[in-house]
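Participant: fold the following for me, if possible:
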Amino acid sequence: AYQATNSPVDLRNLESVDRYDPCEEEMSNLKVISHLLDICQDMLMQYTEFLLNVDSNKEDSATQTHILFDVSLLEVLPSMHELLYDRGLSVPVAFQLVRPVLRSALLHHLKMKNNNEAATGSTGMSPKLESILEKWNPLGPVFIENIVQYHKDKGTDSIWKTISPELYVIFWSCTNSDLQIPTKRYEAEIKKLNNYIADLEGKLKILTANASNMRLTSMMSKGAMQSTSSANEEINRSNMKLIRQELKRLTITVTDIEKEFKTQQLHTQLMMGLIHDYKGRFVKSASGRAVAEVVVQSCVYDRMLMSPLDATYCSSFFFYLHELNTPKFNTLAFVDEVVSTITPLIYCSTDYESSFIGFLLGDILNTLNSWVYSETAPLYREKVTATSAAVIKRLVSKAASADKVHFQKIAGRHRYGFDESFANQLEGE
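Facilitator: Residues are numbered from 1 along each chain as shown. A predicted model of the protein is given here:
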């Protein structure tokens, strides 16, 4: 099945191949081992989240720098060099473990740069925490040198002829929340809470009016009626107290969400600005096919198999490079490489891994569909520029132009590839 994929991805480096060789076991055990592998992967993701105790609302009191990790973790967290060499962790697992630290270090670096704090020598941050963030800055010379040396020792340093170490470390350090702001979800949650607040305020007005009427009734009543009226008045006061407490809690919640929304907007703006500033250094090779192959092998495949969020992040990151018009990065060559090499790997993946592949392919297909089926030509010209003409000619025919019709042929071929792979898988045992 591995040989049938005809994929340029070096399967010898895949964890699933390292951990299990089907030639050494009965084929009947494949399903059991596949299930165990999925369970182990799920436990890995949950354990790292638990270990890191991520709290996006934690911040350094002096600088308002958001710390995306438990600072006490750094007392026992090994360096990246130790994780890769001494502990023998793979690149995806090592970055999964330290990613919150890397993101905080990047954010601190960007804020220092924007505020010109480095020039004044005044950061306001504790020297210990500042030293930690300096060490873990993925764009720092020490960190990049460790990554470059690691690939050299593994014999995979040829990737640096095609892409830069900056592209590699930024890709592995960031997440979806660095590239996208869930604006609609924030706005929907704030609107829902405000509607609830308005509803409670209306009920409070009614109870307040009832309280006045009850007091008048109590003053005019005698005997048993007065006791009943007093009891009702007490119940009314109790309900008003509960509503006021709930209103206070909801108001604080709305304020916190709005503050979090603004913080997320600032964070995303800084991280996206970082990618924009470095885009000119990302790609070295002028060959779109060579770049696509290296990107898929060294970045997409390993990250995609970590989780559904990581799978969708792979497409989001490289489509963002497309939006930035990153020099020498050809989006159509990247998409064609993903479809032609990743889709067949469903045959040799576990259930969870196959679903992760589905998240990646689904996200790519949805984006392409928005370009293919746009009713207006300007959207096509905006998304698929003349720089893709060479790829279209190679994929369709030498005489093809970069018009929408030929692009639709490419997208149709991709969809046919999806359908054929899925049909073959369903027909298999």
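
Participant: how close does Gly202 get to Tyr196?
Facilitator: Separation of Gly202 from Tyr196 (C-beta to C-beta, to the nearest Å) stands at 11 Å. (C-beta placed from N, C-alpha, C; glycine too.)

Participant: pick out whichever of those two has more residues nearby.
Facilitator: Set Gly202 next to Tyr196 and count neighbours by other C-beta atoms under 10 Å: Tyr196 wins out with 15 against 10.

Participant: next up, the contacts around that one.
Facilitator: Leu250 (C-beta atoms under 8 Å, 6 or more residues apart in numbering).

Participant: let me see the mean pLDDT of the helix or strand encompassing Ile190.
Facilitator: Assigned by DSSP states H and E, Ile190 belongs to helix 183-220. Per-residue pLDDT over helix 183-220 has a mean of 82.

Participant: repeat that for stretch 80-90.
Facilitator: On average, the pLDDT along stretch 80-90 is 88.

Participant: stretch 312-322 now?
Facilitator: Across stretch 312-322, the average pLDDT comes to 92.

Participant: could you pull out the strands for the protein?
Facilitator: Ranges of strands in the chain, per DSSP state E: none exist.

Participant: shaky segments in it?
Facilitator: 1-28, 51-72, 75, 115-128, 212-231, 373-429 (pLDDT under 70).

Participant: which elements pack onto the longest helix seen in it?
Facilitator: Longest helix in the chain, counting residues (DSSP state H): helix 224-282. Counting contacts by 3 or more C-beta pairs under 8 Å, 6 or more residues apart in numbering; DSSP states H and E, helix 224-282 is packed against helix 91-115, helix 165-173, helix 176-179, helix 183-220, helix 308-323.

Participant: now the angle from the fourth one to helix 224-282?
Facilitator: Direction vectors for helix 183-220 and helix 224-282, defined by axes from the mean of the first three to the mean of the last three C-alpha atoms, to 10 degrees, enclose an angle of 170 degrees.

Participant: before we move on, back to that, could you dump the helices and strands packed on helix 224-282 to a markdown table with distance to Leu332?
Facilitator: A markdown table is the format used below for the helices and strands packed on helix 224-282 (distance: least, C-beta to C-beta, whole Å):
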| stretch | distance to Leu332 |
| --- | --- |
| helix 91-115 | 27 |
| helix 165-173 | 19 |
| helix 176-179 | 21 |
| helix 183-220 | 29 |
| helix 308-323 | 9 |
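
Participant: so which of the ones you listed comes closest to Asn236?
Facilitator: helix 183-220 (5.3 Å; C-beta to C-beta).

Participant: what sits closest to Gly303 if chain neighbours are left out?
Facilitator: Check again: residue 303 is Arg, not Gly. Spatial nearest neighbour of Arg303, excluding adjacent residues (C-beta to C-beta, 6 or more residues apart in numbering): Asp310 at 5.0 Å.

Participant: residues contacting the one you found?
Facilitator: 303-304, 356.

Participant: compute the inter-axis angle for the longest helix of the chain and helix 165-173.
Facilitator: Using the same axes, to 10 degrees: helix 224-282 against helix 165-173 is 160 degrees.

Participant: just use 40 as the starting number from now, easier for me
Facilitator: From this message on, residue numbering opens at 40, which makes the last subject helix 263-321.

Participant: helix 263-321 versus helix 130-154: what angle between them?
Facilitator: Here the directions of helix 263-321 and helix 130-154 differ by 90 degrees (the same axes, to 10 degrees).

Participant: returning to what we had before: inside helices: which ones of the contacts of Asp349?
Facilitator: 342-343, 395.

Participant: closest to Lys231 out of these?
Facilitator: Distances from Lys231 to these, taken by C-beta to C-beta, are shortest for Phe395, at 31.4 Å.

Participant: tally of neighbours for the closest one?
Facilitator: Phe395, neighbours per other C-beta under 10 Å, totals 23.

Participant: gap between Lys301 and Val339?
Facilitator: From Lys301 across to Val339, the span is 32 Å (C-beta to C-beta).

Participant: which one of those two has more residues nearby?
Facilitator: The residue with more neighbours, out of Lys301 and Val339, is Val339; 26 against 11, by other C-beta under 10 Å.

Participant: show me the contacts for the more buried one.
Facilitator: Applying C-beta under 8 Å, 6+ apart, the residues near Val339 are 353, 357, 377, 381, 399.

Participant: report the two of those separated the most.
Facilitator: Checked with C-beta to C-beta, these reach their widest spread between Phe357 and Ile381, with 12.7 Å between them.

Participant: how about stretch 335-348: buried residues?
Facilitator: 335-346 (16 or more other C-beta atoms under 10 Å).

Participant: those: which two are farthest apart?
Facilitator: Greatest spacing in those, by C-beta to C-beta: Gln336 and Ser346 (19.7 Å).

Participant: count the residues that sit near Ala144.
Facilitator: 24.

Participant: do the same with Gly397
Facilitator: Neighbour tally, Gly397, other C-beta under 10 Å: 16.

Participant: Gln284 and Ile291, how far apart?
Facilitator: Taking C-beta to C-beta as the measure, Gln284 falls 11 Å from Ile291.

Participant: wait, Glu376 touches Val335, no?
Facilitator: Yes: under the criterion of C-beta atoms under 8 Å, Glu376 makes contact with Val335 at 5.2 Å.

Participant: now Ala329: closest residue in space, sequence neighbours ignored.
Facilitator: Thr201 (5.5 Å).
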